[in-house]
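# build the 3D model from these lines:
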Amino acid sequence: MRQFPPRRIVCLTEETVETLYLLGEQDRIVGVSGYAVRPPGVRREKPRVSAFISADIPKILALQPDLVLAFSDLQAGIVADLVRAGVAIHVFNQRDIAGILAMIRTLGAMVDASERADQLATGFEQRLAHIASTPRPQPKPKVYFEEWDDPLISGIGWVSELIEIAGGEDVLPKLRFQQAAKDRIIAPDVVRAAAPDVILASWCGKKVVPDRIRQRPGWSDIPAVRDNRIVEIKSPLILQPGPAALTDGLDEIVKALWVEDSPTPSPRRTIRR
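Predicted coordinates:
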């Protein structure tokens, strides 16, 4: 029989792991994604049961979860296997900042921590508003975010929004509405024509090599390349749609665009019961 609130939760992506820790509900977690690194202790404390599009189904079932948290159609295969095995699943699909905040509140309600989740989400909302209202020099720096290098894939919705909150101008803003990576594939000439002042790159789990970006044909005249403003942001900070992106990920964008500014403190302390 399914428990409420669930006592044994498996998280197949990292953002729900971090959210449960921030809510002080980490004791409910019995298994996590291998990509979960926040907070650092999670790798010591919780068994790893999945990658992103693959999972050890027998290991998950052996943990006897009463709830598994998944993300998007990319995990549909894992979800189908677990549903057939009789496991309760909730699949999130947040692709923008509003969706991230809704995920936090929904997850809080699922573990009977609605008030704490609302406090956490409200803190993030206030933080984002504060950073967005910070006076910045004009004109805004034009920013290209690269999520993958071969083929070139531009940034997803929440990344584009965070660039604007940080005071930059996303050079490909219309692509933020394309949820699937395949729909954000672009030609190198598109970036060259956009002439970004800053290139932010996070190659989805592999190290960014700025020299490869500099050596692309025709890119030497791009202001970001010419002025050596190619900045890597680590994937766990920006490519997971959760608290990390709203805190350390945003701070990294601010630092890349406005070196003299210091990041705003983050509401990332655990909320006590």
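
# next one: the longest strand seen in the chain to chain centre, how far?
With secondary structure taken from DSSP state E, the chain has its longest strand at strand 142-149. Chain-centre distance of strand 142-149: 15 Å, with Cα atoms, centre = their mean, to the nearest Å.

# run me through the strand neighbours of whichever helix or strand comes after it, direction for each.
The first helix or strand that comes after strand 142-149 along the chain, using DSSP states H and E, is strand 152-154. Strand 152-154 pairs in its sheet with strand 142-149 (antiparallel), strand 185-186 (antiparallel), by DSSP bridges.

# out of those, deepest packed?
Of all the strands paired with strand 152-154, strand 142-149 has the most neighbours on average by mean count of other Cβ atoms under 10 Å, namely a mean of 22. Placement of C-beta: from N, CA and C, glycine included.

# quick check: mean pLDDT across it?
Confidence for strand 142-149, expressed as mean pLDDT, is 97.

# what sits up against that strand?
Applying Cβ atoms under 8 Å, 6 or more residues apart in numbering, the contact partners of strand 142-149 are 152-156, 159-160, 163, 168-172, 181, 184, 191, 194-204, 208, 212-213, 223-224, 239, 257.

# on the three-state scheme, Pro6 is what?
Assigned by DSSP: H, G, I helix; E, B strand; the rest coil, the conformation of Pro6 is coil.

# that one reaches Leu69, doesn't it?
No - with contacts counted by Cβ atoms under 8 Å, Pro6 stays clear of Leu69, the gap being 9.4 Å.

# who's more crowded, the two?
Each of Pro6 and Leu69 has its neighbours counted (other Cβ atoms under 10 Å); Leu69 has more, 27 against 20.

# what about the helix or strand where that one lies, average pLDDT?
Assigned by DSSP H and E, Leu69 falls within strand 67-71. Taken as a whole, strand 67-71 carries a mean pLDDT of 97.

# got it, and stretch 51-61?
Mean predicted lDDT for stretch 51-61 stands at 95.

# report the backbone C-alpha coordinates of that stretch in CSV.
C-alpha atoms of stretch 51-61 as CSV (Å, rounded to 0.1, in the frame of the first residue of the first chain):
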residue,chain,number,x,y,z
ALA,A,51,22.1,7.4,-15.2
PHE,A,52,19.8,9.8,-17.1
ILE,A,53,18.1,7.6,-19.7
SER,A,54,19.0,4.3,-18.1
ALA,A,55,18.5,2.7,-14.7
ASP,A,56,19.1,-0.4,-12.7
ILE,A,57,15.5,-1.5,-12.4
PRO,A,58,16.2,-4.5,-10.2
LYS,A,59,18.2,-2.3,-7.8
ILE,A,60,15.4,0.2,-7.7
LEU,A,61,12.8,-2.5,-7.0
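
# residue contacts, the residue nearest the centre of the chain?
Nearest residue to the geometric centre of the chain (Cα atoms, centre = their mean): Gln240, 2.0 Å. By Cβ under 8 Å, 6+ apart, Gln240 lies in contact with 13-15, 18, 35.

# inside helices: which ones of those?
14-15, 18 (DSSP state H).

# do I have it right that Ala244 meets Glu15?
Yes - between Ala244 and Glu15 there is a contact at 7.1 Å, judged by Cβ under 8 Å.

# can I assume Pro135 sits in a helix?
No - counting by three-state DSSP, Pro135 is not found in a helix; it is coil.
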